[in-house]
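1. here is the input, now give the coordinates:
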Amino acid sequence: MLEFLQTFFADSGFGLVQTGNVVMLAIGCLFIYLAINKGFEPLLLVPIGFGMLVGNIPFPEGMGIGYQEDLSVLNILYHGVRYGWFPPLVFLGIGAMTDFSALLSNPKLVFLGAAAQVGIFATLFGALFLGFNPAEAGSIGIIGGADGPTAIFLTSKLAPHLLGAITVSAYSYMAMVPVIQPPIMRLLTTREERLIRMKPARQVTKKEKMLFPVVGFIATAFIVPSALSLLGMLFFGNMLKESGVTERLANTARTSLIDTVTIILGFSVGVSTEAKSFLTPQSIMIFVLGAASFAVATAGGVTFAKIMNLFLKPENRVNPLIGAAGVSAVPAAARVAHNVGQETDKTNYLLMHAMGPNVAGVIGSAIAAGVLWSALTQ
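-> Residues are numbered from 1 along each chain as shown. Next comes the predicted model:
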């Protein structure tokens, strides 16, 4: 009996636990706390945080339950992350939820979405400097797009061994948008700039809304065919929304489908953060570079808005705060731009204007991912 109890204890989590497991369990609990008590992107952080708990309970090897063990339940779920199946499905739901009217009514805002992608390429060079190879550097840089599905998609193609660290970093910074962006926005703008009132957006016609997903897809897909699955699903979802004849399909895409995929995606990402492969100096560097990427992206959008104003008539100027919404954390970044603006003037409503660069950032990050995939696999 004593031998049985000793064997049982040795094979239990208590007997196999290591310091790294305890650290990751604490981080998982922190994610859940931030989601519930602080409201930081709970739809992302709760599944990821609980996945971390599941992924860091130690167990004897060979039991067929770990995410790296072939044909285990967790392994099958993780295939959607490892091979990039989930991100296009998320983009389908995003497309079905997104109203591109703010961008169509003021097309120059697309440049703010493009400018915010500077964080991706700046961080790429930073990662190269720190010794990462080009494929790894490109995967780390995409964190600056503030788009978790895009980060998963590109990393699964270029550097799958970094999926855990890059994905958790990308989703963490997406959740921290209300914390990271405001200080940068205040630092780079004056009170006078934050008080700028933008002209009311013009009314976009139904015909324009229906043409945009077709024209937008063809134009962007010809530029970067490598991003075909992301762009195709994004614009297809938007066509379901705007066509007016597929409301049932659009409703499924933006509710039950994207919710189901988000649950499995977040949970699978969390499970992949096993301490032995996650707690490494390389992961720490990725988190630092991810924060830098996000900060540079925010600064790039705000700075480019200020430059644009130098060439615009006074009545056509843009509030530089909306440049920060060029990162594709939809709609969190747009809300942050609006809230920071209201700190200075409670009657200045920037939300709809900020949605222009925000949705442009979604397209921009997908294009950037396609460019990096094409360039770094030659």
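
2. Phe236 touches Ile94, doesn't it?
-> No: the criterion here is CB atoms under 8 Å, and Phe236 misses it with Ile94 at 11.0 Å. C-beta coordinates here come from the backbone N, C-alpha and C atoms, glycine included.

3. these two - which one has more neighbours?
-> Between Phe236 and Ile94, Ile94 has the larger neighbour count (other CB atoms under 10 Å), namely 23 against 19.

4. quick one: the more buried one from Val261, how far?
-> Distance from Ile94 to Val261, counting by CB to CB, to the nearest Å: 11 Å.

5. now swap in Thr280 and tell me
-> Separation of Thr280 from Val261 (CB to CB) stands at 29 Å.

6. got the contact list for the spatially closest residue to Ser328 that is not a sequence neighbour?
-> Leaving aside its sequence neighbours, Ser328 sits nearest to Gly361 (CB to CB, 6 or more residues apart in numbering; 3.7 Å). For Gly361, the contact set (CB atoms under 8 Å, 6 or more residues apart in numbering) comprises 113, 116-117, 145-147, 325-330, 333.

7. next secondary structure after the helix or strand harbouring Ser139?
-> With elements taken from DSSP states H and E, the one containing Ser139 is helix 134-141. Heading C-terminal from helix 134-141, the first helix or strand you meet, by DSSP H and E, is helix 148-158.

8. from the chain's centroid, how far away is that following helix?
-> 10 Å (CA atoms, centre = their mean, to the nearest Å).

9. what angle do that helix and helix 134-141 make?
-> Going by axes from the mean of the first three to the mean of the last three CA atoms, to 10 degrees, helix 148-158 is angled at 170 degrees with respect to helix 134-141.

10. ok so, going back, who does the helix holding Ser139 touch, helix- and strand-wise?
-> Applying 3 or more CB pairs under 8 Å, 6 or more residues apart in numbering; DSSP states H and E, one finds that helix 134-141 contacts helix 118-129, helix 148-158, helix 281-309, helix 351-376.

11. run the angle between the third one and helix 351-376 for me.
-> Here helix 281-309 runs at an angle of 130 degrees relative to helix 351-376 (the same axes, to 10 degrees).

12. list the buried ones in stretch 41-52?
-> For stretch 41-52, the neighbour count (16 or more other CB atoms under 10 Å) marks Glu41, Pro42, Leu44, Leu45, Val46, Pro47, Ile48, Gly49, Phe50, Gly51, Met52 as buried.

13. just stretch 235-254 next, same as before
-> Buried positions in stretch 235-254, judged by neighbour count with 16+ other CB under 10 Å: 235-242, 249-250, 252-254.

14. hey, where'd the helices end up in the stretch 1-150 of the chain?
-> For the stretch 1-150 of the chain, the helices defined by DSSP state H, counting those that start in this stretch occupy 2-11, 13-16, 19-37, 42-55, 73-82, 86-97, 101-105, 110-115, 118-129, 134-141, 148-158.

15. dump the ones you listed to TSV, plus mean pLDDT.
-> Formatted as TSV, the helices of the stretch 1-150 of the chain follow (pLDDT from 0 to 100):
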stretch	mean pLDDT
helix 2-11	65
helix 13-16	71
helix 19-37	92
helix 42-55	92
helix 73-82	91
helix 86-97	95
helix 101-105	92
helix 110-115	91
helix 118-129	90
helix 134-141	92
helix 148-158	90
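
16. could I get the ones you listed as CSV with distance to Ala299?
-> Converted to CSV, the helices of the stretch 1-150 of the chain look like this (distance: least, CB to CB, whole Å):
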stretch, distance to Ala299
helix 2-11, 52
helix 13-16, 45
helix 19-37, 24
helix 42-55, 24
helix 73-82, 30
helix 86-97, 25
helix 101-105, 22
helix 110-115, 10
helix 118-129, 8
helix 134-141, 15
helix 148-158, 20
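
17. between these, which one is closest to Leu350.
-> helix 101-105 (10.8 Å; CB to CB).

18. what packs against that closest one?
-> Counting contacts by 3+ CB pairs under 8 Å, 6+ apart, helix 101-105 packs against helix 206-223, helix 351-376.

19. closest to Thr273 out of those helices?
-> Taking CB to CB, helix 351-376 is the member of the helices and strands packed on helix 101-105 nearest to Thr273, at 22.3 Å.

20. can you give me the angle the closest one makes with helix 206-223?
-> Here helix 351-376 runs at an angle of 20 degrees relative to helix 206-223 (the same axes, to 10 degrees).

21. quick check: Phe59 touching Gln68?
-> No: if you go by CB under 8 Å, Phe59 and Gln68 don't touch, sitting 11.9 Å apart.
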